[in-house]
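J.: Can you look at this prediction? I've put the sequence above it.
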Amino acid sequence: MNNDLHIATNITHNIPDKNDKIELIGLTKLEISEQFIKFGIDKKTAKMRAAQIYNWIYINGIFEFAKMDNISKKFRIFLAKNFVINKPKLIKEQISNDGSRKFLFRFYNSDFLSPPVDIETVYIPEQKRGTLCISSQVGCTLNCSFCHTGTQKLVRNLTASEILMQILMSKIILGDFKGRKRSQIGLVPGENYRAISNIVVMGMGEPLYNFANIKQALLIASDGDGLAISKRRITLSTSGVVPFIRKVGEEIGVMLAISLHAVRDDLRNKLVPINKKWPIKELLNACRNYPGLNNAKRITFEYVMLKGINDSDKDAKQLVHLLKNIPSKINLIPFNGWPNSPYECSDWERIKAFGDIINMAGYASPIRTPRGRDIAAACGQLKSDSERKEK
Ligand code: SAH
Ligand code: SF4
């Protein structure tokens with residue numbers, strides 16, 4: 001299969017729904033006002049109304065036009081007639097012993113002709129910060145052999161609206177909007193902190209095979225007039241779609257994580273098959289040239305610890321050697337199992353020994369603590385029941 005076919009270059013956030021209404025989530029403030037102008041509204045009013053609506057949605061978490069009470073009734077009727085904010089349904093929520101939470105959202109296709117899709121989003125709270133792990137696709141076209149999502153057929157790319165909705169809905173559930181009561185379930189950072197301070201694009205799917213939509217969503221998520229999540233607190237993880245790596249730095253400007261997982265091409269070809277297309281050398285070259293890279297803004301290299309496969313001292317030394325001239329952090333991820341997975345997680349002693357070699361080379365605390373394993377919310381465990389409908 002030619003994977004290039006799946007690289008989306010068009011934004012698909014504003015497909016009119018079955019009533020030909022335009023989805024508002026996923027449009028920038030400027031794009032909202034441009035939509036109003038298309039309906040014949042004068043420029044000044046359009047700009048003002050767009051700012052008000054943007055404020056209601058992204059600062060206050062209000063999605064119902066009827067509640068936007070600083071907007072004239074006439075304009076609210078116009079909004080209701082021509083625009084829509086499609087909310088997904090929260091189908092299921094699971095809470096881990098460690099306080100992480102997994103949300104299963106059901107999104108209805110805007111045309112209502114194709115079946116709805118289910119998407120998992122994971123919330124990982126810590127004392128002073130909270131990270132939301134969002135998905136970029138339903139399933140994944142890539143077949144990394146250690147990843148559960150990789151065993152699910154790609155259903156489709158998520159729209160910019162669906163990507164943003166994962167953040168907005170999670171903020172509502174957690175009470176993270178202005179004036180809302182903070183959720184009392186599990187661990188949530190105190191009122192003085194944001195419940196969602198960080199975003200990682202590490203859920204289902206390969207974000208760089210859905211570049212336009214992830215770009216649009218992350219630019220809106222980091223917009224200072226709205227959700228205002230700093231780009232330094234947003235990390236996009238890719239398995240290595242080399243032609244798009246530079247664009248992440250230039251056009252989105254968020255932090256980058258690379259799923260490296262092996263230091264030799266023969267092994268990486270098996271673990272992360274996209275390596276056959278863009279081998280380690282090309283991948284690391286793209287990293288070296290990542291725009292804005294410096295010691296304060298490093299690339300994170302993720303390395304899943306697979307027993308007897310990639311976890312020898314030799315591998316650790318080679319890893320340090322490969323990353324020598326790249327401002328980087330290393331994240332060792334203990335393998336999270338799933339039903340019938342072909343690998344085992346390296347023993348703790350082995351992970352520690354591997355981590356020590358990396359520590360000695362000057363990288364601080366490289367081992368990632370698995371979170372939410374008991375609810376299958378940890379890295380690589382997400383897999384929804386949505387399957388592509390056979391033609
Ligand atoms: N598709 C992107 C982002 C999603 S996966 C990517 O591959 O980077 C987020 C991270 O979890 C990646 O580093 C991925 O390799 C890792 N991962 C996948 N399956 C895993 C598993 N079973 N255990 C531990 N980490 C896993
Ligand atoms: Fe897709 Fe990432 Fe899983 Fe690989 S690790 S199959 S790229 S989601």
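T.: It's in. Ligands and ions are numbered 1, 2, ... in the order given.
J.: only C-alpha atoms for contact and neighbour calcs from this point on.
T.: Will do.
J.: tell me the domain ranges of this protein?
T.: 2-84, 89-390 (automatic domain parsing).
J.: could I get the ones you listed as JSON lines with mean pLDDT and mean neighbour count?
T.: Output for the domains of the chain, formatted as JSON lines (pLDDT from 0 to 100; neighbours: other Cα atoms under 10 Å):
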{"stretch": "domain 2-84", "mean pLDDT": "86", "mean neighbour count": "16"}
{"stretch": "domain 89-390", "mean pLDDT": "91", "mean neighbour count": "19"}
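J.: List the contacts of residue 333.
T.: By Cα atoms under 8 Å, 6 or more residues apart in numbering, the residues touching residue 333 are 302-305, 367-370.
J.: One more pass at 7 Å, please.
T.: Residues in contact with residue 333 (Cα atoms under 7 Å, 6 or more residues apart in numbering) are 302-305, 367-368.
J.: I'd like the distance between the residue in the stretch 151-300 of the chain that ligand 2 sits nearest to and residue 266.
T.: Closest to ligand 2 within the stretch 151-300 of the chain is residue 205: 4.3 Å, counting by Cα to the nearest ligand atom. As judged by Cα to Cα, to the nearest Å, residue 205 and residue 266 stand 24 Å apart.
J.: Which positions in the stretch 251-391 of the chain make contact with ligand 1?
T.: 258-259, 302, 304, 333-337, 379-381 (Cα under 6 Å from any ligand atom).
J.: out of those, which one sits closest to ligand 1?
T.: residue 380 (3.0 Å).
J.: follow-up on the earlier one: would you list the residues of the stretch 251-391 of the chain next to ligand 1 in JSON lines and tack on secondary structure?
T.: Below are these laid out as JSON lines (DSSP: H, G, I helix; E, B strand; the rest coil):
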{"residue": "258", "secondary structure": "strand"}
{"residue": "259", "secondary structure": "strand"}
{"residue": "302", "secondary structure": "strand"}
{"residue": "304", "secondary structure": "strand"}
{"residue": "333", "secondary structure": "strand"}
{"residue": "334", "secondary structure": "strand"}
{"residue": "335", "secondary structure": "coil"}
{"residue": "336", "secondary structure": "coil"}
{"residue": "337", "secondary structure": "coil"}
{"residue": "379", "secondary structure": "coil"}
{"residue": "380", "secondary structure": "coil"}
{"residue": "381", "secondary structure": "coil"}
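J.: What is the most widely separated pair among these?
T.: Farthest apart among those by Cα to Cα are 258 and 337. That separation is 20.6 Å.
J.: For residue 132, give me its contacts.
T.: Contacts of residue 132 by Cα under 7 Å, 6+ apart are 122-124, 196, 198-200.
J.: related to what we said a few turns ago, contacts only, for the residue of the stretch 151-300 of the chain closest to ligand 2.
T.: Taking Cα under 7 Å, 6+ apart as the criterion, residue 205 is in contact with 135-140.
J.: As TSV, these with secondary structure would be great.
T.: Shown next, in TSV, are the contacts of residue 205 (three-state DSSP):
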residue	secondary structure
135	coil
136	coil
137	strand
138	strand
139	coil
140	coil
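J.: Let's have these in a markdown table, adding distance to ligand 2.
T.: Converted to a markdown table, these look like this (distance: Cα to the nearest ligand atom, whole Å):
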| residue | distance to ligand 2 |
| --- | --- |
| 135 | 9 |
| 136 | 9 |
| 137 | 9 |
| 138 | 10 |
| 139 | 7 |
| 140 | 5 |
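J.: Now do the strands in the stretch 101-250 of the chain.
T.: 101-107, 117-125, 130-133, 137-138, 156-157, 198-201, 234-238 (DSSP state E, counting those that start in this stretch).
J.: On the three-state scheme, residue 54 is what?
T.: Assignment for residue 54 (three-state DSSP): helix.
J.: Could I get the full set of helices for the stretch 101-250 of the chain?
T.: In the stretch 101-250 of the chain, the helices defined using DSSP state H, counting those that start in this stretch lie at 160-174, 211-221, 242-247.
J.: what's the closest of the ones you listed to residue 42?
T.: So among the helices of the stretch 101-250 of the chain, helix 211-221 is nearest, using Cα to Cα, at 24.3 Å.
J.: elements contacting the closest one?
T.: Using 3 or more Cα pairs under 7 Å, 6 or more residues apart in numbering; DSSP states H and E, the elements in contact with helix 211-221 are helix 160-174.
J.: how far out from the middle of the chain is the helix it packs on?
T.: Centroid separation for helix 160-174 versus its chain: 11 Å, with Cα atoms, centre = their mean, to the nearest Å.
J.: wait, does that helix make contact with ligand 1?
T.: No. Using Cα under 6 Å from any ligand atom, helix 160-174 stays clear of ligand 1, coming no nearer than 13.8 Å.
J.: Tell me which residues are up against that helix.
T.: Contacts to helix 160-174, defined as Cα under 7 Å, 6+ apart, come from residues 12-13, 25-26, 61, 121, 134-136, 177, 182-183, 195, 213-214, 216-217.
J.: How about the residues of the stretch 1-150 of the chain by ligand 1?
T.: 146-147.
J.: go again using 8 Å as the cut-off
T.: For the stretch 1-150 of the chain, the residues in contact with ligand 1 (Cα under 8 Å from any ligand atom) are 135, 140, 144, 146-149.
J.: Which member of those residues is positioned nearest ligand 1?
T.: Using Cα to the nearest ligand atom, residue 147 comes nearest to ligand 1 of those, at 3.5 Å.
J.: so what's whichever residue of the stretch 51-200 of the chain sits closest to ligand 2 closest to, chain neighbours aside?
T.: Closest contact between the stretch 51-200 of the chain and ligand 2, by Cα to the nearest ligand atom, is at residue 150 (3.5 Å). Spatially, and ignoring its direct neighbours in sequence, residue 150 is nearest to residue 143 (4.5 Å; Cα to Cα, 6 or more residues apart in numbering).
J.: go on, residue 288?
T.: Nearest one to residue 288, counting by Cα to Cα, 6+ apart, is residue 326 at 5.7 Å.
J.: Report the separation between the one you found and ligand 1.
T.: Taking Cα to the nearest ligand atom, to the nearest Å as the measure, residue 326 falls 18 Å from ligand 1.
J.: ok, now residue 39?
T.: From residue 39 to ligand 1 the distance is 39 Å (Cα to the nearest ligand atom).
J.: Noted, bye for now.
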